[in-house]
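# output the structure for:
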Amino acid sequence: MKTLHAKRINITLPEQVINRIDRIAKKGERSRFIARAVEFYVEENGKNRMRALLKEGAQKHAARDRALAEEWFVVESEI
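Below is the predicted model of the structure:
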């Protein structure tokens, strides 16, 4: 992950979360670890949201899509 510009912020995390971060992140790399974790979460959340939208659309239009496929099957059978 390339950081073009970093901005210092003040956040509060539960002590248990900080302890977990400190067990995984190297000394002095908390910020980098948290940034990567947030990026991963945002990316995965976006993927999951897209999957949900695609599934919802497929379910919503299933009858229409099935009817179109049946119509085209007849047309292709005649060729």
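
# count of residues packed around Arg49?
Number of residues near Arg49 (other CB atoms under 10 Å) recorded here: 10. All C-beta spots, glycine's among them, are computed from the backbone N, C-alpha and C.

# state the distance from it to Lys55.
Noted for Arg49: a distance of 11 Å to Lys55, by CB to CB, to the nearest Å.

# between the two, which contacts overlap?
Between them, Arg49 and Lys55 share no contacting residue under CB atoms under 8 Å, 6 or more residues apart in numbering.

# next secondary structure after the longest helix seen in the chain?
Longest helix in the chain, counting residues (DSSP state H): helix 30-60. Scanning forward in sequence from helix 30-60 by DSSP states H and E, the next helix or strand is helix 62-78.

# in this protein, what secondary structure element scores lowest on mean pLDDT?
One helix or strand of the chain scores below all others by mean pLDDT, DSSP states H and E: helix 62-78, with a mean of 78.

# now the longest helix of the chain: how far from the chain's centre is it?
Taking CA atoms, centre = their mean, to the nearest Å, the mean C-alpha location of helix 30-60 is offset from the chain mean by 1 Å.

# for that helix, name the packing helices and strands.
helix 15-24 (3 or more CB pairs under 8 Å, 6 or more residues apart in numbering; DSSP states H and E).

# just the mean pLDDT for the helix it packs on, thanks.
Taken as a whole, helix 15-24 carries a mean pLDDT of 95.
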